[in-house]
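1. Below is the structure, and that's it, no one-letter string:
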Ligand code: SF4
Ligand code: SF4
């Protein structure tokens with residue numbers, strides 16, 4: 001049974017010590033700053049959706065809401081149960097400072113932010129939280145927030161080889177499906193799973209058009225709008241997101257213009273609003289982020305669910321193939337896949353260089369940096385790794401490094 005009441009006997013003590021009055025991260029001013037940079041009128045829909053979410057209006061849904069982290073949790077299974085999935089991956093400085101009390105010391109800022117949000121009572125109206133066993137801190141997170149929320153711990157293991165593990169993943173996903181049905185008194189089956197896959201596949205179709213367009217014309221949808229759309233997908237109803245994104249795509253087609261900045265592949269830690277420091281600096285340094293390999297954007301949207309056998313178990317296997325075997329998360333064993341993906345993406349889209357972006361104290365991204373650097377060096381692919389945190393203090397230093405990288409790329413082109 002993977003639904004556990006961790007720390008249940010100490011709930012009162014922990015709540016007494018740590019639960020604080022609502023913290024109030026105010027990201028609206030930041031949001032407006034990026035909105036002013038947008039040249040696409042229909043992006044307004046996404047900015048407004050985020051503003052509502054930040055003001056906590058979007059959570060007041062008729063459906064129960066299920067929070068989750070990471071790509072290995074299958075959104076489609078939550079949707080099939082007629083529940084509203086909300087992705088909770090978070091990089092917020094104010095929340096990270098609040099989370100310092102619960103997860104002090106050398107823990108990554110993502111875990112601190114998440115703890116800050118939960119203990120600051122910003123997720124009161126979630127009905128359940130699904131936590132995957134990706135990295136070690138995420139695994140422990142299941143325990144840390146269990147005094148506040150009902151938790152479902154999903155641990156499919158860290159070997160991403162499909163042929164070896166398909167049966168295990170199918171049983172883990174089936175257990176989750178059965179649990180959600182029972183917990184929320186629902187009775188979905190094959191039809192609801194297929195319908196959920198159609199929704200996410202439609203999103204993939206639109207995302208791919210946007211991704212392809214930006215590889216040729218990065219300025220058609222500026223980098224801030226791109227990540228604003230990604231962030232809005234964390235909590236928006238999928239069909240509404242699809243509708244808004246389609247409008248953005250049509251308007252972006254009219255903005256196609258060739259530019260001469262070095263074209264970058266951004267790889268590594270996901271960029272999540274409000275933590276836009278890396279893309280701010282990238283833009284200020286005269287680089288164009290033409291494409292990315294990150295779990296919240298490319299990793300989540302690029303591949304469709306491919307159903308070969310439309311039985312319930314066939315669909316669940318197809319979800320595992322997409323979400324776990326196809327995962328680019330560094331917590332899983334897939335470094336060779338990642339290296340090949342980077343090389344293929346650079347070659348396919350004729351990119352000038354790779355920025356490998358990592359948040360301080362995240363060991364899983366950090367540990368593979370030297371190997372990736374060496375592989376890309378042998379392929380003559382320019383590479384720079386950037387390690388930073390949520391603060392703004394190192395902005396000038398990062399800009400200097402990225403400007404030097406841009407100059408190197410420009411001379412490489414000649
Ligand atoms: S990189 Fe891995 S651990 Fe990090 S958010 Fe993505 S799926 Fe989760
Ligand atoms: S993958 Fe890295 S940044 Fe994300 S929660 Fe784990 S340690 Fe933190």
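-> Received, thanks. Note that the structure is a prediction, hence the values are computed from the model and not measured. Ligands and ions are numbered 1, 2, ... in the order given.

2. ok, the most centrally placed residue in the chain to ligand 1 distance?
-> Residue closest to the mean C-alpha point of the chain, counted by C-alpha atoms, centre = their mean, is residue 296 at 2.4 Å. Look at residue 296 and ligand 1: by C-beta to the nearest ligand atom, to the nearest Å, they are 7 Å apart. Quick note: C-beta positions are derived from backbone N, CA and C, even for glycine.

3. Give me the distance between the nearest residue to that residue once chain neighbours are set aside and ligand 2.
-> Leaving aside its sequence neighbours, residue 296 sits nearest to residue 270 (C-beta to C-beta, 6 or more residues apart in numbering; 3.9 Å). Noted for residue 270: a distance of 8 Å to ligand 2, by C-beta to the nearest ligand atom.

4. can you pull the contacts of residue 270?
-> 89, 294, 295, 296, 297 (C-beta atoms under 8 Å, 6 or more residues apart in numbering).

5. between these, which is nearest ligand 2?
-> residue 89 (7.7 Å; C-beta to the nearest ligand atom).

6. just to revisit the earlier point, so the residue nearest to the centre of the chain is in contact with residue 272, correct?
-> Yes: counting by C-beta atoms under 8 Å, residue 272 is a contact partner of residue 296 at 6.5 Å.

7. Now do the shared contacts for those two.
-> residue 89.

8. Name the helix or strand for the residue nearest to the centre of the chain, please.
-> Here residue 296, judged by DSSP states H and E, is contained in no helix and no strand.

9. near ligand 1, which residues of the stretch 251-400 of the chain show up?
-> With C-beta under 6 Å from any ligand atom as the criterion, the stretch 251-400 of the chain meets ligand 1 at residues 270, 295, 329, 331.

10. of all those residues, which comes closest to residue 26?
-> Of all those, residue 26 sits closest to residue 270, with 22.3 Å by C-beta to C-beta.

11. What is the three-state secondary structure of the closest one?
-> Following DSSP: H, G, I helix; E, B strand; the rest coil, the label given to residue 270 is coil.

12. Would you mind measuring from it to residue 195?
-> The gap separating residue 270 from residue 195 is 28 Å, by C-beta to C-beta, to the nearest Å.

13. any idea of the pLDDT on the residue of the stretch 51-200 of the chain found nearest ligand 1?
-> The nearest approach of the stretch 51-200 of the chain to ligand 1 comes at residue 70, 3.2 Å away (C-beta to the nearest ligand atom). Looking at residue 70, its pLDDT is 96.

14. How about the contacts made by it?
-> 89, 132, 134, 138, 295, 329.

15. For the last one, give me its contacts.
-> Listed by C-beta under 8 Å, 6+ apart, the contact set of residue 329 reads 70, 71, 72, 134, 295, 299, 364.

16. What is the burial count for the fifth one?
-> For residue 295, the neighbour count with other C-beta atoms under 10 Å is 21.

17. What are the boundaries of the strands in the stretch 151-300 of the chain?
-> 151-154, 263-268, 288-293 (DSSP state E, counting those that start in this stretch).

18. Could you list the low-pLDDT ranges of this protein?
-> Applying pLDDT under 70 to the chain flags residues 1-4, 22, 57-61, 414.

19. what about 90?
-> 1-26, 54-62, 121-122, 124-125, 255-259, 412-414 (pLDDT under 90).

20. what's the longest helix in it?
-> helix 190-216 (DSSP state H).

21. follow-up on the earlier one: give me whichever of the strands of the stretch 151-300 of the chain is most buried.
-> strand 263-268 (a mean of 25; mean count of other C-beta atoms under 10 Å).

22. Please identify the residues of the stretch 301-414 of the chain in proximity to ligand 2?
-> 359, 362, 364.

23. residues contacting the second one?
-> This means residue 362. By C-beta under 8 Å, 6+ apart, the neighbours of residue 362 are 108, 110, 135, 269.

24. Next, it: phi, psi?
-> Note on residue 362: its backbone torsions stand at phi -100, psi 100 [degrees, to the nearest 10].

25. repeat for the first one
-> When read as degrees, to the nearest 10, the backbone of residue 359 gives phi -90, psi 140.

26. So it sits against residue 107, correct?
-> No: using C-beta under 8 Å, residue 359 makes no contact with residue 107, being 11.2 Å away.

27. still on that earlier bit, okay, the residue of the stretch 51-200 of the chain closest to ligand 1 and residue 150: tell me how far apart.
-> In terms of C-beta to C-beta, residue 70 sits 18 Å off from residue 150.

28. Which ones among the contacts of residue 329 lie within helices?
-> Going by DSSP H, the helices hold 299, 364 from those.

29. Drop anything exposed from the contacts of residue 329.
-> Among these, those classed as buried by 16 or more other C-beta atoms under 10 Å are 70, 71, 72, 134, 295, 299, 364.

30. Closest one to residue 199 out of the residues you listed, please.
-> Nearest member of the buried ones among the contacts of residue 329 to residue 199, counting by C-beta to C-beta, is residue 71, at 16.4 Å.

31. which one among the contacts of residue 329 gets closest to ligand 2?
-> Nearest to ligand 2 among the contacts of residue 329, with distances taken as C-beta to the nearest ligand atom, is residue 364, at 5.1 Å.

32. Tell me who's in contact with residue 338.
-> 267, 293, 328, 330, 368, 372.

33. need the contact list for residue 123.
-> Counted by C-beta under 8 Å, 6+ apart, residue 123 has contacts 67, 88, 117, 129, 149.

34. possible to save the residues of the stretch 251-400 of the chain next to ligand 1 as a markdown table with distance to residue 143?
-> Compiled in a markdown table, these are given as follows (distance: C-beta to C-beta, whole Å):
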| residue | distance to residue 143 |
| --- | --- |
| 270 | 23 |
| 295 | 23 |
| 329 | 21 |
| 331 | 18 |
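
35. where's the residue nearest to residue 271 when sequence neighbours are not counted relative to residue 365, distance?
-> Once flanking residues are discounted, residue 271 sits nearest to residue 227: 5.0 Å by C-beta to C-beta, 6+ apart. As judged by C-beta to C-beta, residue 227 and residue 365 stand 18 Å apart.

36. Please apply the same query to residue 170.
-> 29 Å.
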